[in-house]
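In: here are the coordinates; sequence isn't available:
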């Protein structure tokens, strides 16, 4: 059998380290690990919070600093095409999210970009007053709706939450004529659940509702088909699965069919049709550039640009297959250990409903996470009681999964995780 | 005489290169040049567009990439205090703009930050509908008002422009009861004219109007006294005189007295009082952190953080004195050359009215600028006919000014600048 996913989905025998080594030797993405600089003796299961550093990204940073900035100075805007960077990076992301050319641009943070597309969508439909989202959506998405409401007035912009957008009855009830925008995150930041982009977009469109997808936990983690799903707007993050570095700039997708009608309110000079004419009146750029606002963050964006080149020859279907196989493998190993019976899997195990992470509930999730980190397995905690593990197929091996679960089981068995040191809260958890 | 400014202001004899060498030997800031990496055989008069690279900035970038990101990965948020970076960088900027602790924070771009403080100020005064600015203000500032108006409605937010805010009669007429906000840029991006922050702020306050200052061309270039002038809000740029690198993050100042009442609409998770509780409801952070939105751009912000350390032992009064002396010197040298009679100085020559740049009108300004660049003098062009020269006292020498004006005079005398190659327009001018 050469398909690891089929193997892990159907296997019923106990897994061994040797068997996982075999799957590493068969792995078509195995060589990609060399494209990253990784710490020794560490299993990194938090690439969904901050992707690891590609070698090319570090080299590019060096080049931007030592040559472009320090030697060519202001001339670099033309000479090194800094001015084209937001669009060029956008094109590289476009390929990963199923978008034809001219619809993706790199800029600002995910939150700021959400404000741009959210207000755009609301202004396009002044007779509809509601933004519908899901109760468990990432908080910043919900907060940005609150912020927009403070400007448009509560009577013109209200947030409504549906408990579970995959519950057909609930969703159909919620998709009323009041709703201007359905705003969803494709993969839930806590549970790792994957929503059905095509079906939900279609449902909303059927009611004349525009759809915004937040791809923070899916871009670079699985194949996405924004064009094919006829999505209206999307936003996403540069520093998770795209490996753009801490706080890397984010991106915006806006379908070409909306480019003429749309008017985004963060109308800074970089979104002007002719920024260097210094006109007094704003005249939006015709294409996706209209979503730019201020001067692009060249250093960070260059690093992201180089990081995206790691994906240049990656087949996203292949990546998805390995991602699912890695998480299947993790869950099977958890089930092999009696000591891990207290871990309750929150992530749907069906392929079509699972992103690239697993979430386990455990009463001591925080301490377990801290103990794991102390023992070289970098996991993540999400309040109040979730242990979250991200699977990044470009640099994770099957033996890393073995190492991670073995460490976890030992920490539980030995009671090591209950040491007071692991209960100390950090500022960032 | 040991004060170069007094010398250049009163001198009536022709200047010589030797004399300028003398002033370099007396320069208390001369050693600061070594803190920067500069190209050979180049005079850089565009530090007001993109500051030169401090050595420490390059070292810091290397450290953030090779150690913090690649080795310590997600742990760096706590271990290397990434989470505190916006506030820590803000504190370093605070010292340069006359702000007591807790009022400045680093984030986003200047344009995005302007949107935050502008909408904050408008929401604080719902009965007043006008943003008053100056006709020649930097376009992005005016465009952001247009964008805000598209959300608040034209009836609730209108931009009015006064031709000259230093014209007392014009300004007093314009400061009506309709005006919510007076929004001005301290140093004009074209002319280099410096406005009187204290007087204009007082005038506006006398009419119950809030004041926003854009410090893009003044922060790091001259002493600023935001607290003493009782300014309400300010924003500024990290990549000009602060030398934070291309597209470095910008900053926001909000006076402590407004922290309770204010509610900025780009209410992302980083501005939440407890971001890692992942509450559904937005609850703004109590202090200046409420102006944060998304995840901070750690690589770019670290570079800016290191760049600001260059200012740690700089006396801003000393820096201002040299800045004025450098521009006085430039103008005197221009006057020494008959070939430069066609250059018309647009910048007020009075100390109190001049920033850290000079602007000359010339019918062939674009070609002159291109020819200068080709001959190692990096100047700037601003449409339609302005040659703009920025003076950055941390890394410019008096002999550089000699070199620049001599080159300029030669290019005019020889007619070299009228070659067709210098008329070719670049994407970024």
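Out: Perfect, I can see it now. As the structure is a computational prediction, the values presented were derived from the model and not from experiment.
In: could you use CA atoms for every contact and neighbour count after this?
Out: OK.
In: ok, residue A:283 - contacts?
Out: A:272-274 (CA atoms under 8 Å, 6 or more residues apart in numbering or on different chains).
In: name the helices or strands packed onto the longest strand seen in chain A?
Out: Secondary structure assigned by DSSP state E gives strand A:179-185 as the longest strand of chain A. Judged by 3 or more CA pairs under 8 Å, 6 or more residues apart in numbering or on different chains; DSSP states H and E, strand A:179-185 is in contact with helix A:110-124, strand A:130-134, strand A:210-214.
In: how about 6 Å then?
Out: strand A:130-134, strand A:210-214 (3 or more CA pairs under 6 Å, 6 or more residues apart in numbering or on different chains; DSSP states H and E).
In: closest to chain B out of the ones you listed?
Out: strand A:130-134 (10.8 Å; CA to the nearest CA).
In: okay, the angle between that closest one and strand A:210-214?
Out: Orientation note: strand A:130-134 sits at an angle of 40 degrees relative to strand A:210-214 (axes from the mean of the first three to the mean of the last three CA atoms, to 10 degrees).
In: in TSV: the helices and strands packed on strand A:179-185, plus mean neighbour count, distance to chain B and mean pLDDT.
Out: Conversion of those to TSV gives the following (neighbours: other CA atoms under 10 Å in any protein chain shown; distance: least, CA to the nearest CA, whole Å; pLDDT from 0 to 100):
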stretch	mean neighbour count	distance to chain B	mean pLDDT
strand A:130-134	25	11	98
strand A:210-214	25	14	98
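In: figure out which of those is closest to residue A:382.
Out: Evaluated over the helices and strands packed on strand A:179-185, closeness to residue A:382 peaks at strand A:130-134, with 17.9 Å, by CA to CA.
In: and that closest one, which strands flank it?
Out: strand A:158-162 (parallel), strand A:179-185 (parallel) (DSSP bridges).
In: list the contacts of the first one.
Out: Residues outside strand A:158-162 that contact it (CA atoms under 6 Å, 6 or more residues apart in numbering or on different chains): A:130-135.
In: who does residue A:377 bridge with?
Out: Beta-bridge partners of residue A:377, as defined by DSSP bridges: residue A:43.
In: now the helices for chain A?
Out: Along chain A, counting by DSSP state H, helices occupy A:4-10, A:17-26, A:55-63, A:76-79, A:85-96, A:110-124, A:139-152, A:168-174, A:197-206, A:298-308, A:316-336, A:365-374, A:398-413.
In: these into TSV, with extra columns for mean pLDDT, mean neighbour count and distance to residue B:160?
Out: As requested, the helices of chain A are arranged in TSV below (pLDDT from 0 to 100; neighbours: other CA atoms under 10 Å in any protein chain shown; distance: least, CA to CA, whole Å):
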stretch	mean pLDDT	mean neighbour count	distance to residue B:160
helix A:4-10	93	17	63
helix A:17-26	97	15	66
helix A:55-63	97	20	43
helix A:76-79	96	17	33
helix A:85-96	98	22	32
helix A:110-124	98	25	24
helix A:139-152	97	24	20
helix A:168-174	94	14	43
helix A:197-206	97	17	40
helix A:298-308	98	26	34
helix A:316-336	97	21	52
helix A:365-374	97	22	54
helix A:398-413	98	20	62
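In: wait, which of those is closest to residue B:24?
Out: For residue B:24, the closest of the helices of chain A is helix A:76-79, at 29.5 Å, according to CA to CA.
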